[in-house]
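In: the following comprises the amino acid sequence and a computationally predicted model.
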Amino acid sequence: MDDVYFMTMEFIDGLSLRHWLKKNKKIPIDKLMNIIEQVCNGLDYIHKKGSFHRDIKPSNIMINSNEEAIIVDFGLAKLLDMEGEFTIYGGAGARSYMAPEQKKGGRVDSKVDIYSLGVMTFKLLTGELPAINRAKLSELNTDLNPEVDDVLSKAMSFYPGDRYEDVISFFEDLKAAIYSPSKLTCNKTSKQRIIKKVAVPNSMVKISEGLFWMGGTSGKRKVPRRRIFLSTFYMDKYPITNREYSKFIKETDYKTPKQFYESNFNHPEQPVVGISWYDAQEYAKWAGKRLPTEAEWEKAAKGGEYDKKFPWGDEFIEGIANVDNILSRPSKINEFSKCLSPYGCYDMIGNVWEWCFDWYDEQMHSTFSVKNPKGPKNGQNKVIRGGAWDSFHSINAYNTFRYFFKPDNHAINIGFRCVIDG
């Protein structure tokens, strides 16, 4: 038997965290925080030893008879190579808890554990998994301070470099947000993207609550009409410009779009392009705003009770909008001053496509809520609306035309504008 090798493992008398949560209802916050702290301490030890787990989730945490949390299943754990470089690529693990770079199969490091830890913490505190178009943690668990949202948002940031540097910093901020919001540290660095609370600026227009017809039969791609109710909101008159986006970059050290260095796209008053849906989301949060839902975008383009093909009416007017490649580039805001919606929003047709909040669903007309719809809970692509400078008014640049792109796409003809709640 000298040549036979065995692997031995500790027997843990207990339940997985997943089953422990099912068995124990209405768990006190202090007990949940104790479990999170133990997991953080375990991950901190792993990370300092030059390894990372890659599959943190409730079913890989055991709770023993003393209610101690133990991290198990290191089948996906990876070590640093001899030069201290992570040579491992992602791709494996539970997708609901998996960091974006891990899903892509790209280069990964210990930041994937911080992302998964953020997802697991969200699940522990709300009973639900986070999703982009669901409520915030503090809305699902009203006993928690809204500051917890900022902590979880940082832990689950799309970009690894924006996440916490280590799990202990994450836990300290989580503890401060839950017990002592004034001691929260994640908002103290000068370059941290802090959500602003803003009054309604003059650069936005009010769109009052009420019903409108969404969809329509005009154009080549027909969308069944539905009567939709939207609450009051305010929308930017213009797409976000290079000038506005530059301020965001300067204040946050956010990455600069490639188009800032191209003469056809970098005039300060042109709409910013070459930004992904995730970039637009980060800007909106920084500005104290959000991206419009698809329904909000369409109502702003059409007007309340109006049901026109274009913002100005049913007939296309030559030269009224930056479409059909007449400039072969984005125009400066207000350059096409007659391209105006009934509410006073410019360039809702042409110039640049605009990111919307919603995931794209081809059958949205049959699945949409009739009150403040926000689209499906998940998907592969995000909605874009309005067409661009290289779109054609007879094909894909009219009020009801729907299209989509991957949310990480950085196309030169996609920009965005923001809204705030009324």
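Out: Looks like it came in fine.
In: ranges for the strands of the stretch 151-300 of the chain?
Out: Per DSSP state E, counting those that start in this stretch, the stretch 151-300 of the chain has strands spanning 204-207, 210-216, 223-230, 233-236. These are given in chain order.
In: which parts of the last one are buried?
Out: Within strand 233-236, the residues that qualify as buried by neighbour count (16 or more other C-beta atoms under 10 Å) are 233-236. For the C-beta atoms, the positions are set from N, CA and C on the backbone; glycine is no exception.
In: about what we covered before: out of the strands of the stretch 151-300 of the chain, deepest packed?
Out: Most buried of the strands of the stretch 151-300 of the chain by mean neighbour count (mean count of other C-beta atoms under 10 Å) is strand 233-236; its value is a mean of 23.
In: that one pairs with which strands, and in what direction?
Out: strand 204-207 (antiparallel), strand 419-421 (antiparallel) (DSSP bridges).
In: for the ones you listed, give me JSON lines that also has distance to residue 17 and mean pLDDT.
Out: Output for those, formatted as JSON lines (distance: least, C-beta to C-beta, whole Å; pLDDT from 0 to 100):
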{"stretch": "strand 204-207", "distance to residue 17": "45", "mean pLDDT": "93"}
{"stretch": "strand 419-421", "distance to residue 17": "36", "mean pLDDT": "93"}
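In: any weak-confidence spans in the stretch 101-250 of the chain?
Out: 106, 132-135, 180-200, 217-222 (pLDDT under 70).
In: and with 90 instead?
Out: Residue ranges of the stretch 101-250 of the chain with pLDDT under 90: 101-110, 112, 123, 125-150, 153-154, 156-163, 165, 172-173, 175-203, 209-229.
In: now the helices for it?
Out: Secondary structure of the stretch 101-250 of the chain, counting by DSSP state H, counting those that start in this stretch: helices at 111-126, 137-140, 147-155, 167-179, 242-252.
In: can I get these in TSV including distance to residue 379 and mean neighbour count?
Out: Putting the helices of the stretch 101-250 of the chain into TSV (distance: least, C-beta to C-beta, whole Å; neighbours: other C-beta atoms under 10 Å) gives the following:
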stretch	distance to residue 379	mean neighbour count
helix 111-126	18	24
helix 137-140	21	17
helix 147-155	21	22
helix 167-179	28	21
helix 242-252	26	16
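In: wait, which of those is closest to residue 212?
Out: In this view, the helices of the stretch 101-250 of the chain are compared for proximity to residue 212 by C-beta to C-beta, and helix 137-140 is the closest at 26.2 Å.
In: would you list the strands of the stretch 151-300 of the chain in CSV and tack on distance to residue 335?
Out: Shown next, in CSV, are the strands of the stretch 151-300 of the chain (distance: least, C-beta to C-beta, whole Å):
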stretch, distance to residue 335
strand 204-207, 19
strand 210-216, 28
strand 223-230, 29
strand 233-236, 16
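In: ok, which of those strands comes nearest residue 110?
Out: Proximity of the strands of the stretch 151-300 of the chain to residue 110 was assessed by C-beta to C-beta; the nearest stretch is strand 233-236, lying at 38.7 Å.
In: returning to what we had before: I'd like to know which of the helices of the stretch 101-250 of the chain lies nearest to residue 67.
Out: Across the helices of the stretch 101-250 of the chain, the minimum distance to residue 67, taken as C-beta to C-beta, is reached by helix 111-126, at 13.8 Å.
In: helices or strands up against the closest one?
Out: Contact analysis of helix 111-126 by 3 or more C-beta pairs under 8 Å, 6 or more residues apart in numbering; DSSP states H and E lists helix 29-48, helix 100-103, helix 137-140, helix 147-155, helix 167-179 as its packing neighbours.
In: distance to residue 360 added to those helices, as TSV?
Out: Compiled in TSV, the helices and strands packed on helix 111-126 are given as follows (distance: least, C-beta to C-beta, whole Å):
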stretch	distance to residue 360
helix 29-48	35
helix 100-103	18
helix 137-140	24
helix 147-155	24
helix 167-179	33
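In: of all the ones you listed, which one is nearest residue 126?
Out: Shortest separation from residue 126 across the helices and strands packed on helix 111-126 is recorded for helix 137-140, at 4.1 Å, computed as C-beta to C-beta.
In: show residues contacting the closest one.
Out: Applying C-beta atoms under 8 Å, 6 or more residues apart in numbering, the external contacts of helix 137-140 come out as 122, 125-128, 130, 134, 144-146, 148-149, 152.
In: alpha carbons of that helix, as CSV, please.
Out: These are the backbone C-alpha positions of helix 137-140, laid out as CSV (Å, rounded to 0.1, in the frame of the first residue of the first chain):
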residue,chain,number,x,y,z
LEU,A,137,-31.1,45.8,-1.9
SER,A,138,-32.5,48.5,0.5
GLU,A,139,-35.8,48.5,-1.4
LEU,A,140,-36.1,44.7,-1.0
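In: give me the mean pLDDT for stretch 389-398.
Out: What stretch 389-398 shows for mean pLDDT is 86.
In: kindly report the same for stretch 29-36.
Out: Computed over stretch 29-36, the mean pLDDT rounds to 89.
In: in that stretch, which residues are buried?
Out: Residues 33, 35-36 are the ones in stretch 29-36 that count as buried (16+ other C-beta under 10 Å).
In: dump those residues to a markdown table, plus distance to residue 209.
Out: Listed next are those as a markdown table, based on distance: C-beta to C-beta, whole Å:
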| residue | distance to residue 209 |
| --- | --- |
| 33 | 40 |
| 35 | 43 |
| 36 | 40 |
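In: which of those sits closest to residue 268?
Out: The shortest separation between residue 268 and any of the buried residues of stretch 29-36 is 45.6 Å, and it belongs to residue 36 (by C-beta to C-beta).
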